[in-house]
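*Asks:* Sequence and computational prediction follow.
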Amino acid sequence: MTTKERLVQFSTWITLSLGLFFCAYSIFHFPVQKVDPQLIVILLATVFFGQFLHVQLPRINIHISTSDAMIFVALILYGSEVGVLLAVFEALMTSFSIRFKGGSLRNITIALNGASAAICTFVTALLVNYVFVSMKATAETGEFYRLVLMLGMIAFTQFLISSISVTLFMAKKTEKSLWRIWNETCLNAFVIYVFNAIIAGIIIKALVGINTIMALVGVIVLVVVFLTYRRYVNDVKETAEKAEKSERARAEQAEKHIEELKHHIHE
C-alpha cells in the first residue's frame, strides 16, 4: 500500500468517525424549543434546493447545490446543532436522489457525504462562534459589515473543508498529486459557496427584518444565478466530451494509417 493510499484510507475512517460523533452530539443537544414554522420552511427549502438545484462538476462524480444557502441561514439563526443535522439530512437526501436517478454512488460514498457535511458544518460553527462570539447576535445587530465578514468566513471555511475532503476522495482514483486534483476539480466550486453566502445574507436580513419580499427576491436571485452556472458547467462538459471524442478519432485514424503502411511494406 502506497503512502497516498494509506493517507486516503486513514482520512476515510477519520471522516466517518468524526461525522458520526458530531451527529450524535447534535442530536443529544438538539434545541427542541427552537423548532418553529420558520425552521420547517427552511427545512423544506433545503430539501427542494438539494433535489432540484444541483450540478455535477466536469470530469468528476461530485455534485454541488444551492441548498448550502439555507443551511447557512439555519446555522446562523438556530445554532450549530440544527445546522449540522440539516446539512447531514440534505447530503443524504441528495445522495440517495442521485443514486435513484441512475448515479453510481456506493454506500461508503453516501456515508462519507453525510459525514463530511457534519464535519464541515460543526467545525465552521466552532470557528465562527469563536471569532464572532454569537452568530445569531451578529446577524441581529444590524451591523452589515460584521454580517458580511461572518458569511465570508462561513463560505470560505465550508469550501476549504469540503474541497479537502473531495480531494482526498478523488485521490483514490487517479495518480495526480493532491494539489493538482484540488486545483482542477474543486477551485471552480468556490463561486457557488460565495453566492450561497450572499443569498443567505439577503434571506437573513429579510427574516430578521420581517421582509418577505426581500427573502423571495433572494431566493429568485439564487435560482437564476445557479441555473446560469449550471448551464456554464454543462457547456464545459460538452466541450470536453467533444474534444475527447475528436482526440480519440484522430488516434484511431493514425493507428489505422500505421497498419496500412505496415501492410504496404510487407507487400
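*Replies:* Everything's here; your move. Numbering: from 1, shown residues only.
*Asks:* For the host helix or strand of T94, name the packing helices and strands.
*Replies:* Following DSSP states H and E, the helix or strand that holds T94 is helix 80-100. In this structure, helix 80-100 packs against helix 3-28, helix 37-52, strand 63-65, helix 68-78, helix 107-132, with contacts taken as 3 or more Cβ pairs under 8 Å, 6 or more residues apart in numbering; DSSP states H and E. Where C-beta positions appear, they are placed from N, C-alpha and C, glycine not excepted.
*Asks:* List of residues touching stretch 98-116?
*Replies:* Here stretch 98-116 makes contact (Cβ atoms under 8 Å, 6 or more residues apart in numbering) with 12, 15-16, 18-20, 23, 61, 63, 88, 91-92, 94-96, 161-162, 165, 169.
*Asks:* Buried among the residues you listed? Need that as a selection in PyMOL.
*Replies:* Here is the PyMOL command that picks out the buried ones among those, judged by 16 or more other Cβ atoms under 10 Å:
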select buried, resi 12+15+16+18+19+23+63+88+91+92+94+95+161+162+165+169
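*Asks:* Name the helix or strand of the chain that has the lowest mean pLDDT.
*Replies:* Taking all helices and strands of the chain together, the one with the lowest average confidence (mean pLDDT, DSSP states H and E) is strand 54-56, at a mean of 53.
*Asks:* Report the inter-axis angle for the secondary structure element (helix or strand) that L147 belongs to versus helix 68-78.
*Replies:* When secondary structure is defined using DSSP H and E, the element that contains L147 is helix 144-170. Angle, helix 144-170 to helix 68-78, by axes from the mean of the first three to the mean of the last three Cα atoms, to 10 degrees: 130 degrees.
*Asks:* which parts of helix 144-170 are buried?
*Replies:* Judged by neighbour count (16+ other Cβ under 10 Å), helix 144-170 contains these buried residues: 147, 150-151, 153-155, 157-170.
*Asks:* what's around S11, how many residues?
*Replies:* S11 sits with 17 neighbouring residues when counted by other Cβ atoms under 10 Å.
*Asks:* mind listing what it touches?
*Replies:* S165, L168.
*Asks:* how close does it sit to V84?
*Replies:* Distance check for S11 against V84: by Cβ to Cβ, to the nearest Å, it reads 20 Å.
*Asks:* cool, and M70?
*Replies:* Using Cβ to Cβ, we find M70 at a distance of 14 Å from V84.
*Asks:* that older thread, check the helices and strands packed on helix 80-100 for me: which has the lowest mean pLDDT.
*Replies:* Within these, the least confident segment by mean pLDDT turns out to be strand 63-65, at a mean of 56.
*Asks:* L127: neighbour count?
*Replies:* A total of 14 residues lie near L127 under the criterion other Cβ under 10 Å.
*Asks:* Grab the nearest non-local neighbour of it.
*Replies:* For L127, the nearest residue in space outside its immediate sequence neighbours is T157; the separation is 5.8 Å by Cβ to Cβ, 6 or more residues apart in numbering.
*Asks:* Wait, that neighbour touches A125, no?
*Replies:* No - contact criterion Cβ atoms under 8 Å: T157 and A125 do not qualify, at 9.4 Å.
*Asks:* how long is stretch 130-140 from one end to the other?
*Replies:* The separation between the terminal residues of stretch 130-140, taken as Cα to Cα, to the nearest Å, is 17 Å.
*Asks:* For that stretch, which residues meet the burial criterion?
*Replies:* By neighbour count, and taking 16+ other Cβ under 10 Å as the criterion, the buried residues in stretch 130-140 are F132, M135, K136, T138, A139, E140.
*Asks:* Need the contact partners of that stretch.
*Replies:* Contacts with stretch 130-140, where a contact means Cβ under 8 Å, 6+ apart, come from 75-79, 125, 128-129, 146-147, 150, 153, 204-205, 208.
*Asks:* Mark which of the buried residues of stretch 130-140 are part of helices, please.
*Replies:* F132, M135, K136, T138, A139, E140 (DSSP state H).
*Asks:* mind checking how far the fifth one is from F195?
*Replies:* In this structure, A139 lies at 18 Å from F195, with Cβ to Cβ as the measure.
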